[in-house]
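Colleague: Structure for the following, please:
(chains A, B, C and D)
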2 protein chains.
Amino acid sequence: MADTAGEPVMRRTRGLDRAFEILEFLRVKRRPMRPNEIASEIGAPRSSVYELVNLLLNHGMLDYEGGDGRVYLGRRLYFLGTAYAEQFDLMRECDRMLLRLSEETRETAQMCVLEGRKYTVAMMREGLRPFRISASIGELVPLPWTASGRLLLSHLSDTQILDLIPPEDFVLPRGIRLEPGEFIAQARKARSDGFFTFNSEIENFTQCFAVPIYQPDGICTATLCLVAPREDGLNNRDRYLKSLLTAASEISEKLGYGRETPGQDLPRERTGGVRAIDTRG
Amino acid sequence: MADTAGEPVMRRTRGLDRAFEILEFLRVKRRPMRPNEIASEIGAPRSSVYELVNLLLNHGMLDYEGGDGRVYLGRRLYFLGTAYAEQFDLMRECDRMLLRLSEETRETAQMCVLEGRKYTVAMMREGLRPFRISASIGELVPLPWTASGRLLLSHLSDTQILDLIPPEDFVLPRGIRLEPGEFIAQARKARSDGFFTFNSEIENFTQCFAVPIYQPDGICTATLCLVAPREDGLNNRDRYLKSLLTAASEISEKLGYGRETPGQDLPRERTGGVRAIDTRG
DNA sequence: CCTAAAATTCTAATATACCGGACATGTATC
DNA sequence: GATACATGTCCGGTATATTAGAATTTTAGG
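Modeller: Alright, predicted model coming up:
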């Protein structure tokens, strides 16, 4: 429906949207940038970006960094993010557990969640070995690429799973396509086993272990994971799984997730469940 | 002054400003709230707040929480805040050090900074003792109330210090006024001693220990602190101070703060491990 | 049930935020 | 010194975001 002639479809973007676009852009880039550079890379009017950057600086949402007119995410964002994390018992408990796990195993321990239609690492404690394995917190990754993906979706029906995962996400990093049916089968098995482990689809030399943390209603809110060098992971498989399972059950215990509380009508938590998915980059 | 007739000085507030006002308000309140409640408490038009809250929800900057139309800071803020903290070597190193300090001493360890004209706790690791002493990260506190306050300002001249601190902040929590001259003298002594310790102005039964982390230019970027029950703090004074001083000097070492590197503004290599492998569980 | 208050959605006007584009200022390259 | 490009500032017009207030729905009592 491209109208060849006429309609000068003037579209302005709301300041708020643009501002968050800038913040998200800097988060992905992971380095301070100049306003001019930001403007051209996100394809926004320069004058708008300059104005917004100044507003964000005034609010402490951006800070000058690198001393050359470059800006990066500001300290106030850090305080807001901390307040978010403090609010949730789950995150506080996981913080403790990740610490213990990484000390017990010397491997990198993670807490992972469903974010929209993707998987992401929410918390991480790096292992103590010389070559640490690490990932970016908040980076979105296709669910089939990850061990946790099997567990995070295991409470959904087959069709719900297929509706949730974008078809292209079944193509694994090495270019091979995973059959959706196979993925679902793995998810079912993971649910009944109470864990999932495989060698990473992303990095060939690493072994991943994931165990679920369930809410009372059976939804897998999050997973605890260990990421180990392959050899090492295989040698310690049982020990690692035991550590993970113990940690997960202690968290469930602590948060009262352990005992079923079916009586109360749960007020439809949005987090963790399938969120109404809105389209944004 | 009040114009009886006339000028209808219509003032609109920019969406961005109000949006951040909402976020900050929720941060201070530290609990989920309804849009309506937010609107009336911050004195903003209801229709505006409803619209902004919806925008913020779409961006993930707010999340529904408590299942009753109440909203609180969203997960995306957490990811942005994490990205901020990852960017700075100082914060990553402090995270490790706070952990070690809290394990060595079993006391609450903090990293504190100057935020505008106030003191604030930027990072914290709670102690292991049954009655933990803790504080809210990001909460602004008058500088004279804190041990770190002496160190954070010690690079300034007398007049700069007096200009920076709001006069009313010299009134301590118990209502007694601290003479500015006395505060400055303490700051000078702290600078030459390399630490400051006193029993808290805020909480009477606690002893505070603070040591500075200096940039190459001699500015005190941050402090490391221990907060202990009074009795306990006095008994272990030397040991605690030694732990803190060691930790601070290791951080300086690691970040190259130790040797003077004037003039150069190097694009730092990330300290710590080799970040070669990128894998998710 | 009814009534009142609280919470939310809708609507239309208008104050202004966003944007295009001109201008100014480096700072490299030849 | 001329050219090109990157960076930042400024300004006026207009598309639209903000707002007051009305309308609607939900909740709370009694």
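Colleague: Enumerate the residues of chain A near DNA strand D.
Modeller: For chain A, the residues found near DNA strand D under the criterion C-beta under 7 Å from any atom of the strand are A:10-12, A:14-16, A:34-37, A:40, A:46-47, A:50, A:69. In this view, the C-beta of every residue, glycine as well, is placed from N, C-alpha and C.
Colleague: Lowest mean pLDDT among the helices and strands of chain A, which one is it?
Modeller: strand A:133-134 (a mean of 69; mean pLDDT, DSSP states H and E).
Colleague: What ranges in the stretch 1-150 of chain A fall below the confidence cut-off?
Modeller: Regions of the stretch 1-150 of chain A meeting the criterion pLDDT under 70 cover residues A:1-10, A:130-133.
Colleague: ok, 50 please
Modeller: The model of the stretch 1-150 of chain A has pLDDT under 50 over residues A:1-7.
Colleague: Over in it, which residue gets nearest chain B? Let me know.
Modeller: A:Gly81 (1.9 Å; C-beta to the nearest C-beta).
Colleague: And the strands in chain A?
Modeller: Using DSSP state E, the strands of chain A run over A:62-64, A:71-73, A:108-115, A:118-125, A:133-134, A:196-199, A:206-214, A:220-229.
Colleague: Report the central residue of chain A.
Modeller: Centroid-nearest residue in chain A, with C-alpha atoms, centre = their mean: A:Thr120, separated by 1.8 Å.
Colleague: Specify the beta-bridge partners of whatever residue of the stretch 101-250 of chain A ends up closest to chain B.
Modeller: Taking C-beta to the nearest C-beta as the measure, the stretch 101-250 of chain A has A:Cys225 as its residue closest to chain B, at 2.7 Å. Counting by DSSP bridges, A:Cys225 forms beta bridges with A:Gln110, A:Ala210.
Colleague: quick one: it and A:Val113 touch, right?
Modeller: No - using C-beta atoms under 8 Å, A:Cys225 is not in contact with A:Val113, being 11.1 Å away.
Colleague: returning to what we had before: tell me the contacts of the closest residue to the residue of the stretch 1-150 of chain A closest to chain B other than its chain neighbours?
Modeller: Among residues not flanking A:Gly81 along the chain, B:Gly81 sits closest, at 1.9 Å (C-beta to C-beta, 6 or more residues apart in numbering or on different chains). Shown in contact with B:Gly81 (C-beta atoms under 8 Å, 6 or more residues apart in numbering or on different chains): A:Leu77, A:Tyr78, A:Phe79, A:Leu80, A:Gly81, A:Thr82, A:Tyr84.
Colleague: The fourth one: how many residues sit nearby?
Modeller: Spelled out, that is A:Leu80. 27 (other C-beta atoms under 10 Å in any protein chain shown).
Colleague: tell me the domain boundaries of chain A?
Modeller: A:15-78, A:87-255 (automatic domain parsing).
Colleague: Now do the end-to-end distance for the longest one.
Modeller: Chord length of domain A:87-255, first to last residue, is 13 Å (C-alpha to C-alpha, to the nearest Å).
Colleague: Also the first one?
Modeller: Domain A:15-78 has its terminal residues 22 Å apart, counting by C-alpha to C-alpha.
Colleague: how far out from the middle of the chain is that domain?
Modeller: 23 Å (C-alpha atoms, centre = their mean, to the nearest Å).
Colleague: try the last one
Modeller: Taking C-alpha atoms, centre = their mean, one finds the center of domain A:87-255 at 10 Å from the center of the full chain.
Colleague: Quickly note the distance from whichever residue of the stretch 101-250 of chain A sits closest to DNA strand D to DNA strand C.
Modeller: For the stretch 101-250 of chain A, the residue closest to DNA strand D is A:Asp217, as judged by C-beta to the nearest atom of the strand, at 20.4 Å. In this view, A:Asp217 and DNA strand C are 23 Å apart by C-beta to the nearest atom of the strand, to the nearest Å.
Colleague: so what's the backbone phi/psi at that residue?
Modeller: phi -80, psi 10 (degrees, to the nearest 10).
Colleague: Look at it and say how many residues are nearby.
Modeller: For A:Asp217, using other C-beta under 10 Å, the count is 16.
Colleague: Quick check on the closest residue to A:Met61 other than its chain neighbours: phi, psi?
Modeller: Spatial nearest neighbour of A:Met61, chain neighbours left out: A:Gly74 (4.8 Å); criterion: C-beta to C-beta, 6+ apart. Main-chain torsions, A:Gly74, degrees, to the nearest 10: phi -100, psi 170.
Colleague: I figured A:Gly74 hits A:Asp63, correct?
Modeller: Yes - shown here, A:Gly74 and A:Asp63 form a contact pair, counting by C-beta under 8 Å, at 4.2 Å.
Colleague: any residues in contact with both of the two?
Modeller: Shared contacts of A:Gly74 and A:Asp63 (C-beta under 8 Å, 6+ apart): A:Leu57.
Colleague: who's more crowded, those two?
Modeller: Remark: of A:Gly74 and A:Asp63, A:Gly74 carries more neighbours, 23 against 19, as counted by other C-beta under 10 Å.
Colleague: check contacts around the more buried one.
Modeller: A:Gly74 sits in contact with A:Leu56, A:Leu57, A:His59, A:Gly60, A:Met61, A:Leu62, A:Asp63, B:Tyr84, where contact means C-beta under 8 Å, 6+ apart.
Colleague: Burial check on whichever residue of the stretch 51-200 of chain A sits closest to DNA strand C, number of neighbours?
Modeller: Proximity to DNA strand C, evaluated over the stretch 51-200 of chain A using C-beta to the nearest atom of the strand, is greatest for A:Glu51 at 5.8 Å. Using other C-beta under 10 Å, A:Glu51 has 16 neighbouring residues.
Colleague: The domains of chain A into CSV, with extra columns for distance to B:Lys189?
Modeller: Below are the domains of chain A laid out as CSV (distance: least, C-beta to C-beta, whole Å):
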stretch, distance to B:Lys189
domain A:15-78, 29
domain A:87-255, 37
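Colleague: If you count neighbours, what's buried in stretch A:159-174?
Modeller: Residues of stretch A:159-174 classed as buried: A:Ile161, A:Leu164, A:Ile165, A:Asp169, A:Phe170 (neighbour count, 16 or more other C-beta atoms under 10 Å in any protein chain shown).
Colleague: Look at A:Cys225 and A:Val113 and report which has more neighbours.
Modeller: Set A:Cys225 next to A:Val113 and count neighbours by other C-beta under 10 Å: A:Cys225 wins out with 28 against 22.
Colleague: For that one, give me its contacts.
Modeller: A:Cys225 is in contact with A:109-112, A:147-148, A:208-211, A:244, B:280-281, counting by C-beta under 8 Å, 6+ apart.
Colleague: for A:Leu226, same thing?
Modeller: A:Leu226 is in contact with A:101, A:105, A:107-110, A:208-209, A:233, A:240, A:243-244, B:281, counting by C-beta under 8 Å, 6+ apart.
Colleague: Among those, which one has the most neighbours?
Modeller: So for those (other C-beta under 10 Å), the most neighbours sit at B:Gly281, 34 neighbours.
Colleague: what are the ranges of the helices in the stretch 51-200 of chain A?
Modeller: Per DSSP state H, counting those that start in this stretch, the stretch 51-200 of chain A carries helices over the ranges A:75-87, A:89-105, A:147-152, A:158-164, A:180-193.
Colleague: re the thing from before, tell me how far the residue nearest to A:Gly81 lies from A:Leu90.
Modeller: Taking C-beta to C-beta, to the nearest Å as the measure, B:Gly81 falls 17 Å from A:Leu90.
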